[in-house]
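> structure of the sequence below:
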Amino acid sequence: MRFPQDKRIYEQVRTLPLWLSICWWVTDAAWTFLVASSSLYNVWLLPIERTAALISGLVLLVIGSALTLDGIIEFRPIRRVFGMEVSILITTGVYSWSRNPQFLDFYLALLGISLLGRSGYALFLAAIAIICCHYYIVKAEEPYLERVFGKEYLAYKLRTPRYVRAPRSENKST
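Presented below is the predicted three-dimensional model:
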C-alpha cells in the first residue's frame with residue numbers, strides 16, 4: 001500500500017511534492033536492501049542449481065538495470081522521474097512497449113537479486129513488493145494519468161500493455 005497522501009494528491013490531479021517522492025525512493029531502496037540482505041545470507045535457501053540461479057539472476061538484474069537507465073533517460077528531466085512534473089505523456093523508447101517500465105525493471109531486479117542468492121525469503125519479499133506496486137499502479141496511478149491526459153492516455157493504454165507485450169505470432173499464409 002502506498003502512502004495515504006498519494007491518493008489525495010492523485011485525486012486532486014496534482015504532482016507529487018518532493019518530500020513524498022523522496023519517501024518513495026527511500027522506501028524502494030529499503031525494500032531492495034531487505035531483498036538483497038536476504039539473498040546475501042541465503043535465507044530459506046531454494047533448491048536451485050547454483051550456476052543456473054547465478055546466470056538467471058544476473059540476466060534479470062542486468063535487464064532490470066538497463067530498463068531503469070533507459071526509462072530515466074527517456075523520462076528526463078529529473079522532475080518527471082520523481083513524479084513532480086507531468087507536462088507531457090511519455091510514449092517513446094521503452095514507454096512505447098510498456099506503460100510501466102520503471103516498475104517492470106524494479107520487479108526484474110528484485111527477482112534477479114533473489115535468484116542470485118537462491119533465497120526463498122528474498123523471493124517472498126520480492127513477490128510482496130510486486131503485488132503492492134501492481135496494486136498501486138492499477139488503483140492510483142493509471143486513473144490519475146487518465147484524468148491528466150484524457151483521451152491521449154486512453155489511446156496509449158489501448159496500444160501499449162501495462163508491463164510487456166507477449167510476442168505475437170504472425171500467421172503468414174503463402
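
> any idea how far E74 lies from W25?
Distance of E74 to W25, given as Cβ to Cβ, to the nearest Å: 18 Å. C-betas here are computed from N, CA, C, even on glycine.

> neighbour count for these two, which is higher?
E74 (18 against 12; other Cβ atoms under 10 Å).

> am I right that the more buried one is in a helix?
Yes. Under DSSP: H, G, I helix; E, B strand; the rest coil, E74 sits within a helix.

> next up, the contacts around the residue nearest to it when sequence neighbours are not counted.
Of all residues not flanking E74 in the chain, G93 sits nearest, at 3.8 Å (Cβ to Cβ, 6 or more residues apart in numbering). Applying Cβ atoms under 8 Å, 6 or more residues apart in numbering, we find G93 in contact with D70, G71, I73, E74.

> please pick the buried ones from the residues you listed.
D70, G71, E74 (16 or more other Cβ atoms under 10 Å).

> any idea which helix or strand carries the second one?
G71 is part of helix 50-75, with elements assigned from DSSP states H and E.

> so how far is that helix from its chain's centroid?
Offset of helix 50-75 from its chain centre (Cα atoms, centre = their mean, to the nearest Å): 12 Å.

> low-confidence ranges, this protein, go.
1-7, 13, 82, 84, 166-174 (pLDDT under 70).

> can you pull out the helices in it?
4-11, 18-40, 50-75, 78-81, 101-116, 120-136, 142-149, 151-159 (DSSP state H).

> OK, contacts around the spatially closest residue to Q102 that is not a sequence neighbour?
Among residues not flanking Q102 along the chain, G71 sits closest, at 4.9 Å (Cβ to Cβ, 6+ apart). G71 makes contacts with G93, V94, Y95, P101, Q102, D105, as judged by Cβ under 8 Å, 6+ apart.

> which residues touch the fourth one?
Counting by Cβ under 8 Å, 6+ apart, P101 touches L67, D70, G71, V94, Y95.

> closest to the centroid, which residue in the protein?
In the chain, the centroid-proximal residue (Cα atoms, centre = their mean) is F103; its distance is 0.6 Å.

> quick one: contacts for that residue?
Counting by Cβ under 8 Å, 6+ apart, F103 touches C133, H134, I137, Y163.

> could you report the neighbour count for the last one?
For Y163, the count of nearby residues is 14 (other Cβ under 10 Å).

> the third one too?
Applying the criterion other Cβ under 10 Å, we find 17 residues in the vicinity of I137.

> the first one too?
Each residue near C133 was counted by other Cβ under 10 Å, and the total is 21.

> quick one: residues contacting E142.
Contacts of E142 by Cβ under 8 Å, 6+ apart are R99, K157.

> excluding its backbone neighbours, what's nearest R162?
Closest residue in space to R162, ignoring its immediate chain neighbours: R99 at 5.3 Å, by Cβ to Cβ, 6+ apart.
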